[in-house]
Structures are given as C-alpha cells and as structure tokens.
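[1] here is a sequence together with a model predicted from it:
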There are 2 protein chains.
Amino acid sequence: MASLIDPTGTGFLLAENRRMPMHVGGLHLFEKPEGAGRDYGRQMYEAMRDVEEVAPLFLKRPHRSLATAGQLVWVDDDQFDIEHHVRHAALPRPGRIRELLDLAGNMHSTRLARERPLWEATVIEGLRDGRVALYTKTHHALVDGISAMRLLQSVLSTDRDRRSMPAPWDARTVVRRAAEMEAELAQMPTRTVRSALAIASEAAGLPGALARTLEKGVRNETSAISLYAPRTIFNQRITGSRRFAAQDWPIARLRGVGKATGTTINDVVLAMCSGAVRAYLEELGALPDAPLVAMVPVGLNAKQSQAASTDGGNAVGSVMCQLGTDLADPVDRLITIHTSMATGKRALSSMTPAQILAMSALGQAPAILAPLLRVEGVVRPPYNLVISNVPGPRTTHHWNGAKLTGTYPLSIPINGMALNITCTSYDGRLAFGLIGCRRTVPHLQRLLTHLDDELSALERAAAP
Amino acid sequence: MASLIDPTGTGFLLAENRRMPMHVGGLHLFEKPEGAGRDYGRQMYEAMRDVEEVAPLFLKRPHRSLATAGQLVWVDDDQFDIEHHVRHAALPRPGRIRELLDLAGNMHSTRLARERPLWEATVIEGLRDGRVALYTKTHHALVDGISAMRLLQSVLSTDRDRRSMPAPWDARTVVRRAAEMEAELAQMPTRTVRSALAIASEAAGLPGALARTLEKGVRNETSAISLYAPRTIFNQRITGSRRFAAQDWPIARLRGVGKATGTTINDVVLAMCSGAVRAYLEELGALPDAPLVAMVPVGLNAKQSQAASTDGGNAVGSVMCQLGTDLADPVDRLITIHTSMATGKRALSSMTPAQILAMSALGQAPAILAPLLRVEGVVRPPYNLVISNVPGPRTTHHWNGAKLTGTYPLSIPINGMALNITCTSYDGRLAFGLIGCRRTVPHLQRLLTHLDDELSALERAAAP
C-alpha cells in the first residue's frame, strides 16, 4: 500500500544529500541486569531482533516512480530483513567511551539507503566497564528529532523487575506508546513543530508573504530577536563525515550555579556551551571579535502557542541567543546569555503568529529552507550554531532489567552550520551530544574538556 | 577529471540493484607479529588508514549527469574521506569464526554508496584466537573478482621481517603492483575476461549474431557443453541479504584423493561441492532427481585463448559441469565430474571463437546478460550454481610482519543463482568461500560440515 509522505518528510528527503544526511541518532548506555553473563550483549541484540511483528512505521520505505507521478510515497518493503536494521557490533580495544563515540560518529556519517525502511539500531558490546550501548538512527522523514529520542524511552520502564518488554519497533509498542506518550506530548508536542515546518516549507516553495517574512528575518531587518552573527569556521560548507562527542554532568551542579547567579539551568547549559566554544575557537586562533549567536528552540506558552499553532496544540519557537563569546569572564557570559534569552522570549510574545512560525521554521528546518530560499552563501549566517535542550525522564528507567545509565542525542549538522549541540536530561544528569562535520570542526572532542572546565569555572565564580 | 567507464564496468553498474549488489569481497586472516601487543588491531587499522597518497583508482566515483549526456563516467571524489573507506571494527563475544562470518556476511549485504569511491576495507579485531581479520569490499565496476583477490596479495611479502609495506590503496602500491603483477597476469589475466564481457554486453545491447549464439546456448540448442539443469531452490529470485561461510582444507588431502582416483585437485574441489550440495538439498527435501550443473570458469590454452581474445592475451572460458548429485556414492560423483570437465574442456577446443566468447560471457557476467537478454524466468536455468577455483600464492606471505593465515573470497550471487562457491589456494590450503542469499539459501553454514564430511568420505573411499 502506498501512502503520501507529508510535506515535511518530503522536504527532508529532498533536502538530503551526501553532505547532509538527514537522520537523527541516539546513543543509549545500559548496565547489564544483575546476574547477566558475558553474552548479555548478544541476548539484548536477539531480543531487539526477534520481534514477532514489526510496527508499520518501520516497514515502509520511500518510493518515487512514474506511477506515483514523481511524488514521493511510502510503500511497504516487501523484502524487509530485520537483520539489516537491527545489528550487533562490538568496540575495538581498549573499549573506552572514546571508541564508542568514534563508532557512533562513523555510523552517523553514512546515509540510510532509501531502498529500505529508513532506520537502524545497533547493539554494541565491548565497553570495558561492561555496559552495553544501543545506537539508533532514524530518518527525519520518519520521525522528528524529539520523537526519535522518545522512541526508546517509550518502551522503558521505571520497574527494574519488569521483563518481556518489547523493542521500540515492535508492533505491540505502538499501542502502548500511543497511550503512554499522549500525556507527555501535551507538554512538548512534535506534531505541531512538524505542521509549522510543513507550512514553512510550502511557503518556501511559493514565495508568498511567509517566505518574504523569512527572508527579512534572515537579513536582520525585523526585530531584536535577530542578532548580528559573525562568520566562524562553523559556518562553512560541510562534508558528510561526522565526529561525535558526548558527556553528562549532574544537574545539581548546574542548578547550583543557576541558584547562585539568578539564572536558569538552561542558561547555564548555554553558558557552558559558550565558554567551551570560545576556548575551542581561541585554541584554533579562530575566535571572531563579535560574539557568536546560537539558535535555541524554546517551548511557547499557551497564548503564544495558540497563535503559532495551526491545530490548537502547543508549539516551539526559536530564540536567537547572544553567547557573549567576546567576554573573558564566565559569569559575564552567563549574565549576557540570561539577558539575551529573556529578551528573546519577550520578543517572541510580541511577534505575530506568522513571525513565530517563520522563526520556528528557520530554527527547526534550515536544512529545508536554506536550499529552497537560496539563502546559503548569499547573506551572512543567521546564527552560528544550534543549541537545543530537550527535557527527558527524571527517574531511572530500565529495559528488561537493564538500567539505562545515559542517553545522548546525535542531531543533524547542515551546510553552513557544521556544529550542533543537543542536550537532554535524564535521571538527574544533563547529557550533551555534540555532532559536527569531521572536516570543518577539527578535534571536536576537545569541546568536552572545555565544557567541563567551564562548569567548574562557573561553580568557582558563583561560590559564595 | 572525468573519464569514461568501460562498457563492462558500466554493465555492472547498470545491472546492480538492491537484490544484486555488485561488489566482490575478500576476508583475510592475519596472525599478529611476534611481540605485538593487544592493540595490534588498532595499529594495523592506523597503518591501513594513514596513507600519504591514495592511488587514483580508489579516489574515483561514478557520476552521471546532463553534462555527461547521461553516460556514466568516473570523477574524482572531491570530498574523499579515508575514514569512510578504511574502518575499524570488532567482533561481539565470543569472537569465534562464526561471529566473523556473520559480520562479513552483513557487510557484504549492503551496497556501496555511489556518491563515494566504490570500496571499503575493515580491520576486525576481537577474534578469540588473537588473529586480526581484514574484510575488503570492492565494486565489480572497479576491479573484477580475480583482481580484487589479488589486490591484497599484491602488497604482501614472503619476507616476514619486512616492514614499511604500503596498504593496497597506497599510490606507492600501484607502481609496485604494475611491475610485480605483470608476470602473474600473463598466467591468468583478467583484462581479457573484461574485454570478452565488454563485447558480450555490447552484443546483448544490439541483438546481433553473438546475442543469438548466447540465446541458443541458454536454450541448450548448441553443443554437448550445455547440459540440462534442473530447477532448484538456488534458482529463484534473490534478496540483497547475504550469508557467508568459509573454511579451508590442506591441499595435500585433496591431492591424495586425486592421485588415488586419477582425477585433478579441481575435480576433487567440485566433488566436495557436489557432495555438500547434495547432502544440503537432501536435508531440506529439495534434491532434484536430475543432477545439478555447475558453471566452472577454466583457463584456456594458448590456441584457444588466442582465438577468444581480442588483444592477444589469454582468456577464460566456462565449462558446464555435471555434478552427479543424483549418485549416492562419492567416488561415482567424482568420476562423473572428472568426465564432465574433460568433455567440457574438449568441447571448448572445438568451439568457434564467438562461441567461446559467448560461453565466457555467460559464465562471467550472467548478471549483466540476464536482464539485458531477458533470459531470467523465461527459460530453465542454464546452470544451477557457479563454482570457481582461482589459484593463489603457494608460499606464506606477510604484511608488515603479520602472517596471512587464510584468505577467503566473497563473490556475487545473482538473481536465479542464489549460491556462489569461490575457492582459492594459499600456502598449502584450499579455501572455500560460500556466499548466498540469506532468504533463498537457509542454513548456508551447514554446507561447511557437508564439505568436510565429503572430503573424509572421498578419502575413505580412495584409501588403498
């Protein structure tokens, strides 16, 4: 059965090329259940693979032919082979996190073949601390970034004694997920993000009022929310090769800094990124005089979201955050960020629904919009990098007795935006997932050290 | 710089689809040099990756556009990233040969992305016996099967103390290879196979005299060399998923059987395959009454090859070998095979150059010809499987001190020919590489046990 691919999904498929694979990833770390043997990795792999019935979402592949009049449609894969999609791998010695990040970066670098359903999941053993990792890769045409991260979470349980839990692609999961995620989705829905994108990408196709608004936004002709972003090494053409770095820190540490300085945890996340990027660029002799600007997706309040949403749900807007990378003092940077975020959020309230939509779209789907609007290369970058922070579960979760100890997002760098930082919280820790073009962003892993240094510096400065 | 892809290469690119990836592979096993540490796998990987200058052959990718008038051409990859092509992987526990074969089968199942140069090489550690494996994957449009196998051999040395040896894709290698392989190529050239294929595929494009000859051959209207091949489970449509099995046996054992029965080592290879396939099909209740026919590529003698060759080099012809799978006794099967091969080779001598070309082409490039001639599904299979035996080095070889202990070929199953057995000799052992469609040929690895049983049975029967 063929079904039409929605405009957003089509947009991601059309925008995709070798330089910009359009899949999102997740790297999840599990502790073996008590009493599990050395072959636990294989057991987990087999449990993930031996699914009686795979959910329809995971069985469809994109197809375009004369019969579909050139239109991209979903068709069922009549040669579906679960062993292609669910894989079992191991780390080379010495099996440190470094080898895991290398493997995840490499797996994230190759495009999903369109002749098959657009997802893969790999159970990875061989970590020397005995944990087992799961790397998942899902095309953005299938699910958006947030849903991709939720995919695994939706099959986890807070009950560590629970067994017979399905894989995320099990047909049984979908029923459960539909019910369980409804509540969560009310807080941070992705459906509306997608519909905003759909509208924006349609608008981009026919350059009407919305497209003109977008262009204005890009050219900094509108409001306070659009800032001057300098050119940096991040804002170049990219290749398809990726490097991944990830680490997490106790939220309590970030909360401590926030309380002492009157800022939010999200401000501290942004300040950590700011300090890390500043140190990183300084080392390379590539720090611009003007401060960098980050695009930060934020949830909208009820009034805003009603305006921005086409179907009454909640919505996500974007704030352009001045990162204060020109300032030498960590606290000065934190305060600048706090002010910039507050200003940006206020500006969002004063925007028209069309403007919010345009901002959202620009933030969420630059990969779609840039080529369509031919923005790329014509004007200076609208911002320097994307930093998003997606809340996750607050309590410890398990899959068939295996405790999830960490979960790290791998997002999508795009042409002109070679670095993406996506954060997520889980079980009292804040996880940073940094993904960049391997060529354009050299020594990406150094940013982890800088993030750690920055948090320590903020703690020292904020200490009473 | 764009350069035209030769007709054979173009043929393989055009014939390729998801069901029939058109790459050939090699799995090579190395013993660590004396004194090497646990990180030897990484050292080998880094030596393979850190190549100063990559040879042009490994830098080009196929390209087709309006500018090339729709013609497939080779262009240099301006985003070449060696880390995409040279990889480092490890086996899941318990790190047996079984896990290695599973990994090689999975890696052999995915198509090479055409947006990049059409090759990959993966250094694999984690074998519990401490050896390190190298899996290579090269598109048939780049090199033919024999050259692909020789690729690694060409950089090996019989001197185990030699160091600073280049990777096969090192630009330095090409110069060496050109000189070193010239002599070897005189024995078993592949250039001519390719030109034969080129002619055949051109002929197939315009259905002239040669194409008619081919069709006759397929329809069994010509000579004694074309036999009746029954339908078997191997002769079905295939999927793109592969299972790989490999093992080697001392050549002395095969030679012993040959001497005692007045047959050749190649006859014994074919008899092992025959007995194994018979036992395998019997277990599945799928053994046809009529004996199976194998297509066996053979080297032509000087007179034949001069006739068949377009440029004065040597050539390869094909013999249709009756495998005697209807006979219960191992020696009866061996004698049948011996007779069939002798008859086939005599028939080859009496064929016209065009007929030899047609046979060669049918044998070497059915993947190209089947779709072009629309043979597939219309008539009964011309043969049931391909069994080829390519001679390799007779002495122990090393790469930077690491001893090559075994080398196993992975060839190309095609639609209607779900199983391929390719053998090669090395250092006193005969290695069998069995590759099949995972769906069409279930429990492929059982064939290894049957091969072993068959050799033992032949030895018992041939014992004085």
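    In hand now; what should we look at? Numbers count the residues shown, from 1 in each chain, chains lettered A, B, ... in the order given.
[2] over to residue A:129: give its phi and psi.
    Per-residue torsions, residue A:129: phi -80, psi 0 (degrees, to the nearest 10).
[3] how many residues are close by it?
    When neighbours are defined as other Cβ atoms under 10 Å in any protein chain shown, residue A:129 has 10 of them. For every residue, glycine as well, the C-beta is placed using N, CA and C.
[4] that one and residue A:96, how far apart?
    For residue A:129, the distance to residue A:96 (Cβ to Cβ, to the nearest Å) stands at 9 Å.
[5] just residue A:21 next, same as before
    For residue A:21 relative to residue A:96 (Cβ to Cβ), the value is 26 Å.
[6] what's the answer for residue A:441, then?
    Looking at residue A:441 against residue A:96, where the rule is Cβ to Cβ, the gap reads 21 Å.
[7] the two: who's more crowded?
    Neighbours per residue, other Cβ under 10 Å: of residue A:441 and residue A:96, the larger number sits with residue A:441, 26 against 14.
[8] quick one: contacts for the more buried one?
    For residue A:441, the residues meeting the contact criterion (Cβ atoms under 8 Å, 6 or more residues apart in numbering or on different chains) are A:233, A:234, A:243, A:418, A:419.
[9] sec struct for it, please.
    The three-state assignment at residue A:441 reads coil, by DSSP: H, G, I helix; E, B strand; the rest coil.
[10] now residue A:331
    Secondary structure of residue A:331, per three-state DSSP, is helix.
[11] neighbours around it, how many?
    A count of neighbours around residue A:331, defined by other Cβ under 10 Å, yields 18.
[12] now it: how far from chain B?
    Look at residue A:331 and chain B: by Cβ to the nearest Cβ, to the nearest Å, they are 40 Å apart.
[13] residue A:49 too?
    Counting by Cβ to the nearest Cβ, the gap from residue A:49 to chain B is 12 Å.
[14] next one: residue A:126
    Between residue A:126 and chain B the distance, using Cβ to the nearest Cβ, works out to 6 Å.
[15] next up, phi/psi of residue A:384, please.
    Recorded main-chain torsions at residue A:384 are phi -100, psi -30, according to degrees, to the nearest 10.
[16] run a quick neighbour tally on it.
    As a burial measure, the neighbour count of residue A:384 was computed by other Cβ under 10 Å and equals 27.
[17] my guess is it contacts residue A:228, does it?
    No: checked against Cβ atoms under 8 Å, the pair residue A:384 and residue A:228 is beyond contact range at 10.7 Å.
[18] name the residues contacting each of these two.
    Shared contacts of residue A:384 and residue A:228, defined by Cβ under 8 Å, 6+ apart, are found at residue A:293.
[19] got a list of what residue A:62 touches?
    A:5, A:13, A:72, A:73, A:74, A:75, A:114, A:118, A:141.
[20] now with 7 Å?
    Residue A:62 makes contacts with A:5, A:13, A:72, A:74, A:114, A:141, as judged by Cβ atoms under 7 Å, 6 or more residues apart in numbering or on different chains.
[21] ok, residue A:58 next?
    Residues touching residue A:58, when contacts are defined by Cβ under 7 Å, 6+ apart, comprise A:117, A:119, A:169.
[22] look up the closest residue to it, ignoring the ones flanking it.
    For residue A:58, ignoring the flanking residues on the chain, the nearest one in space by Cβ to Cβ, 6 or more residues apart in numbering or on different chains is residue A:169 at 4.2 Å.
[23] for the nearest residue to residue A:289 once chain neighbours are set aside, which three-state class applies?
    With Cβ to Cβ, 6+ apart as the measure, residue A:326 is the residue that lies nearest to residue A:289, at 6.4 Å, once sequence neighbours are left out. The three-state assignment at residue A:326 reads coil, by three-state DSSP.
[24] interface residues of the stretch 51-200 of chain A facing chain B?
    A:79, A:81, A:83-84, A:87-93, A:106, A:109, A:111, A:113, A:115, A:125-126 (Cβ under 7 Å from any Cβ of the partner chain).
[25] if I look at the residue nearest the centre of chain A, how far off is chain B?
    Geometric centre of chain A, nearest residue: residue A:411, 3.9 Å, by Cα atoms, centre = their mean. In this view, residue A:411 and chain B are 20 Å apart by Cβ to the nearest Cβ.
[26] just residue A:150 next, same as before
    Distance from residue A:150 to chain B, counting by Cβ to the nearest Cβ: 28 Å.
[27] assumed that residue was part of a strand.
    No: per three-state DSSP, residue A:150 lies outside any strand segment and is helix.
[28] can you report how many residues lie near it?
    24.
[29] quick check, pLDDT for it.
    If you check residue A:150, the pLDDT there is 74.
[30] which strands or helices does the helix or strand hosting residue A:336 pack on?
    Assigned by DSSP states H and E, residue A:336 belongs to helix A:330-350. Other helices and strands packing on helix A:330-350, by 3 or more Cβ pairs under 7 Å, 6 or more residues apart in numbering or on different chains; DSSP states H and E, are helix A:265-283, strand A:316-322, helix A:446-462.
[31] dump it to CSV, restricted to CA.
    The C-alpha coordinates for helix A:330-350 follow below in CSV (Å, rounded to 0.1, in the frame of the first residue of the first chain):
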residue,chain,number,x,y,z
PRO,A,330,32.5,33.1,32.7
VAL,A,331,29.9,34.9,34.8
ASP,A,332,29.8,37.9,32.4
ARG,A,333,29.0,35.4,29.7
LEU,A,334,26.3,33.7,31.8
ILE,A,335,24.6,37.0,32.5
THR,A,336,24.7,38.1,28.9
ILE,A,337,23.1,34.8,27.9
HIS,A,338,20.5,35.1,30.6
THR,A,339,19.6,38.6,29.4
SER,A,340,19.6,37.6,25.7
MET,A,341,17.3,34.6,26.4
ALA,A,342,14.9,36.8,28.4
THR,A,343,14.8,39.4,25.7
GLY,A,344,14.3,36.8,23.1
LYS,A,345,11.4,35.2,24.9
ARG,A,346,9.8,38.6,25.4
ALA,A,347,10.3,39.3,21.8
LEU,A,348,8.6,36.1,20.9
SER,A,349,5.5,37.2,22.8
SER,A,350,5.3,40.3,20.8
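[32] and the angle from it to helix A:265-283?
    Per axes from the mean of the first three to the mean of the last three Cα atoms, to 10 degrees, the angle that helix A:330-350 makes with helix A:265-283 is 120 degrees.
[33] and helix A:330-350, how far out from the chain's middle?
    Averaged C-alpha coordinates place helix A:330-350 at 22 Å from its chain's average position (Cα atoms, centre = their mean, to the nearest Å).
[34] pull out the buried residues from that helix.
    Judged by neighbour count (16 or more other Cβ atoms under 10 Å in any protein chain shown), helix A:330-350 contains these buried residues: A:330-331, A:333-338, A:340-341, A:343-345, A:347-348.
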